[in-house]
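**Student:** fold the following.
(one chain, ligands or ions: 1)
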Amino acid sequence: MKKTLNTYIKKRDFNKTPEPPGAKRNDENSNPIFVVQEHHASHLHYDFRLELDGVLKSWAIPKGPSMIPAEKRLAIEVEDHPIEYAQFHGTIPKGEYGAGEVYIWDKGTWQIEGDAHQGIKKGKLEFLLKGKKLKGHFLLIRMHSLQVDKKNNWLLIKKNET
Ligand code: MN
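**Tutor:** Sure thing, here's the model as predicted:
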């Protein structure tokens with residue numbers, strides 16, 4: 001079990017939710033995947049997830065990703081999710097964490113530009129998405145804030161293709 005999944009596991013009761021407990025390993029030979037899940041929880045948001053180190057790095061995007069460079073979207077970093085979460089869609093039961101419907105909005109593969117670990121540390125990830133809806137170069141940039149409750153705020157930005 002990946003240690004970074006501790007928060008994910010702690011928040012959920014796998015006897016009650018159909019979400020995956022996160023026991024599987026991914027095929028390391030395949031291209032890293034990304035997924036965007038439309039999540040009708042108490043507030044509608046889109047969960048943007050990038051495969052890295054055998055887990056899905058995750059951000060909740062209230063307005064959803066945009067293909068328009070001028071539309072910078074707030075992306076709140078949340079806990080890592082297990083790799084098989086990329087296939088999850090369905091209903092999280094009432095009373096459980098994140099209760100509501102989950103749909104797969106887009107999926108595909110992604111390619112980091114530079115070093116992903118350095119990027120996360122420094123708060124700047126540049127990458128290429130190859131999905132159905134999301135295609136091209138994107139940036140995830142951590143916002144600077146002195147407020148503790150905003151330290152996980154990033155912006156997802158579509159880059160101009162040159
Ligand atoms: Mn969510």
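
**Student:** burial measure for Ser109, as a count.
**Tutor:** Just so we're on the same page, residue 109 is Thr rather than Ser. Neighbourhood size, Thr109 [other C-beta atoms under 10 Å]: 14. From N, CA and C alone the C-beta is placed, and that goes for glycine too.

**Student:** and it, its phi and psi?
**Tutor:** Per-residue torsions, Thr109: phi -120, psi 160 (degrees, to the nearest 10).

**Student:** thought it was touching Ile33?
**Tutor:** Yes. Applying C-beta atoms under 8 Å as the test, Thr109 and Ile33 come out as touching, 5.7 Å apart.

**Student:** just confirm Lys16 is within a strand.
**Tutor:** No. Counting by DSSP: H, G, I helix; E, B strand; the rest coil, Lys16 is not part of a strand but coil.

**Student:** check contacts around whatever residue of the chain ends up closest to the ion.
**Tutor:** The chain approaches the ion most closely through His39 (3.7 Å), counting by C-beta to the ion. With contact set as C-beta atoms under 8 Å, 6 or more residues apart in numbering, His39 has these partners: His45, Tyr46, Asp47, Ala60, Gly98, Gly100, Glu101, Val102.

**Student:** can you do 6 Å?
**Tutor:** Each residue near His39 by C-beta atoms under 6 Å, 6 or more residues apart in numbering is listed here: His45, Asp47, Val102.

**Student:** who's in contact with the last one?
**Tutor:** Going back to what we said before, that points to Val102. When contacts are counted by C-beta under 6 Å, 6+ apart, Val102 touches Gln37, His39, His89.

**Student:** using PDB, write out every CA atom in the helix or strand where the first one lies.
**Tutor:** This points to Gln37. Using DSSP states H and E, the element containing Gln37 is strand 33-40. Output of strand 33-40 as PDB, limited to C-alpha atoms (Å, rounded to 0.1, in the frame of the first residue of the first chain):
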ATOM      1  CA  ILE A  33      -2.700   8.400 -17.400                       C
ATOM      2  CA  PHE A  34      -4.800  11.400 -16.500                       C
ATOM      3  CA  VAL A  35      -8.500  11.500 -15.700                       C
ATOM      4  CA  VAL A  36     -11.100  14.200 -15.000                       C
ATOM      5  CA  GLN A  37     -14.200  13.100 -13.000                       C
ATOM      6  CA  GLU A  38     -17.300  15.200 -12.800                       C
ATOM      7  CA  HIS A  39     -18.300  14.900  -9.200                       C
ATOM      8  CA  HIS A  40     -21.800  16.000  -8.200                       C
END
